[in-house]
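Peer 1: Sharing a model prediction with you, sequence too.
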Amino acid sequence: MNNTFNNMGKRTNYRWVICSMLFFATTINYLDRQVLSLTWKDFIAPEFHWTNTHYGTITALFSIFYAISMLFAGKFIDKLGTKKGYMWAIGIWSIGACLHAFCGILTSGITANQWFVGFEGAREVIALVSDTGVVVSVSVTLFIIARLVLALGEAGNYPAAIKSTAEYFPKKDRALATSLFDAGSVVGALAAPVTIPVIARTWGWEMAFLAIGALGFIWMGVWMFVYKKPHRNAAVNAGELAYINQDGEDSDKKEDKVPYMKCLKYRQTWAFALGKFLTDGVWFFFLFWTPAYLSAVYDIKSSDPKGQLAIFMLYLISLVSIIGGWLPSYFVDKKKMNPYAGRMKTMLIFASFLLIALLAQPLGHISYWLPVIVIGIAMAGHQAWSANIFTTVSDMFPKKAVGTIVGIGGMAGGVGAFIINKSSGVLFDYAGQTQMTFMGFKGEEAGYFIIFSICAFSHLAGWVVMKTLVPEYKPITDL
């Protein structure tokens, strides 16, 4: 095979241009998700009188909207194609991101019949409304609607990105490509704490949603000209095309429709879906609740330089996850494992990283930096796991089914995220109000320790379930 590539001359590397576009899309995706988590506690909650339960409800419903949307997004991407499907996805989620900014104005209109006011005027009107319960109800409902639109679009990111990776990379390189573009989730989370609170503090929380939401429209303009399927792309020469198609999957082959019910008859589908169900909620918990955790337990606000540095360092540590994309290639090339075996061994290693989450709360009394480091390592473990669980789909399913299977798994992951986000908000309020004690911790600290403990074992449980359902590499050939 290597001689074949060499006889064609030096091959192009346009696949990495596509990978960089996936990286930037994922970065924007996670920036849009993070705006609410970095503004609600210090900027939005005081204005609308929210509690942890209100925020937990909003994030939980986002997760369930995302879950349901993922089921259809995968099918939508498979039907419409990667280029058009991705355009629609990022366009919808960018609109959803911008909609958040107008929730204050709409709240002032509904609660006080003051519609034609600016952002600052809306805040002044809402402050004069005597019935705070109405303000809470209306504002929470409006944010839920905005999150619904955001979730509807964001659900298309991973099916489209994984499908793009399957189209442009051979199986042995897909985990590396996935880990590289998925690093955008970490880079987005890195950029968020040093930009979003600054924008919110300087120009208002509304402008944070608008400024970050606008980035998606810029990406769409570039994607329109950059993306073509490999066999139709003049920037991809014969050598690179042969390298991409070395597994025998033809990018030019017409893709038939793949029914959901047919996909569900395979153990491989259930292994991926249950693996996502048991682990996705961990990432969403860290993403949505870490700023609130630092504020509630250590009185470190996301709007303060100290809080921004802490969140920045947490996500910087999690960039270690890129190793998770390289390790399977090492096992395949050097240890001669098949892709699935190398993938599962890598996933077991990084699932073990999550055990460190048990130490987050116990070490907090020494310095808040220790929980930050611990959570960062746990997040690195999850992201490395995530890059590999995604590529188990393209390892075992034909390209025509990748978007659909990723959508099914994404829905399962969203359900898991709904459960952990909703229960976390209720638990933290209950623990704070009753001053509940657990394992030596009291109040909200006890609640966080419980959730950290669940997070610690989730990936190992997911690995056991996946290995039980699919013990050996068995690609699907009859779909």
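Peer 2: Okay, I see it.
Peer 1: Now for residue 271, how many residues are close by?
Peer 2: 23 (other C-beta atoms under 10 Å). For glycine as for every other residue, the C-beta is placed from the backbone atoms N, C-alpha and C.
Peer 1: Could I get the contacting residues of residue 317?
Peer 2: Contacts were defined as C-beta atoms under 8 Å, 6 or more residues apart in numbering; by that measure residue 317 touches 372-373, 376-377, 379-380.
Peer 1: any idea which of those residues is closest to residue 239?
Peer 2: residue 380 (35.0 Å; C-beta to C-beta).
Peer 1: pLDDT wise, what is residue 388 at?
Peer 2: On the pLDDT scale, residue 388 is placed at 86.
Peer 1: change the start of the numbering to 199 and stick with it
Peer 2: Yes, from this point I'll number from 199; that puts the last item at residue 586.
Peer 1: List the residues that contact it.
Peer 2: 373, 376-377, 522-523, 526, 541, 544-545, 548.
Peer 1: Secondary structure element holding the closest residue to residue 382 other than its chain neighbours?
Peer 2: Closest residue to residue 382 apart from its sequence neighbours, by C-beta to C-beta, 6 or more residues apart in numbering: residue 224 at 3.2 Å. Residue 224 belongs to helix 212-237 when assigned by DSSP states H and E.
Peer 1: list the helices and strands that helix packs on?
Peer 2: helix 250-278, helix 280-297, helix 330-352, helix 355-366, helix 369-401, helix 403-424, helix 436-442, helix 465-496 (3 or more C-beta pairs under 8 Å, 6 or more residues apart in numbering; DSSP states H and E).
Peer 1: want to throw these into JSON lines with mean pLDDT and distance to residue 635?
Peer 2: Below are these laid out as JSON lines (pLDDT from 0 to 100; distance: least, C-beta to C-beta, whole Å):
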{"stretch": "helix 250-278", "mean pLDDT": "84", "distance to residue 635": "18"}
{"stretch": "helix 280-297", "mean pLDDT": "94", "distance to residue 635": "40"}
{"stretch": "helix 330-352", "mean pLDDT": "94", "distance to residue 635": "29"}
{"stretch": "helix 355-366", "mean pLDDT": "89", "distance to residue 635": "40"}
{"stretch": "helix 369-401", "mean pLDDT": "84", "distance to residue 635": "32"}
{"stretch": "helix 403-424", "mean pLDDT": "94", "distance to residue 635": "35"}
{"stretch": "helix 436-442", "mean pLDDT": "90", "distance to residue 635": "58"}
{"stretch": "helix 465-496", "mean pLDDT": "89", "distance to residue 635": "15"}
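Peer 1: so which of those comes closest to residue 651?
Peer 2: With C-beta to C-beta as the yardstick, what comes closest out of the helices and strands packed on helix 212-237 is helix 465-496 (11.6 Å).
Peer 1: Which positions within the closest one qualify as buried?
Peer 2: 466-496 (16 or more other C-beta atoms under 10 Å).
Peer 1: next one: stretch 566-574
Peer 2: So for stretch 566-574, counting by 16+ other C-beta under 10 Å, buried means 566, 568-574.
Peer 1: for the record, mean pLDDT for whichever helix or strand comes after the helix holding residue 224?
Peer 2: Of the helices and strands lying after helix 212-237 in sequence (DSSP H and E), the nearest is helix 243-246. What helix 243-246 shows for mean pLDDT is 92.
Peer 1: any residues touching helix 243-246, and which ones?
Peer 2: Outside helix 243-246, the residues that touch it by C-beta under 8 Å, 6+ apart are 249, 252-253, 302, 305, 321, 324-325, 333-334, 337-338.
Peer 1: 7 Å instead, please
Peer 2: 302, 321, 324, 333-334, 337 (C-beta atoms under 7 Å, 6 or more residues apart in numbering).
Peer 1: could you list every residue that touches residue 265?
Peer 2: Going by C-beta under 7 Å, 6+ apart, the list of residues near residue 265 reads 609, 611-613, 616.
Peer 1: between those residues, which has the most around it?
Peer 2: Result: residue 611 is most packed of those (other C-beta under 10 Å), 29 neighbours.
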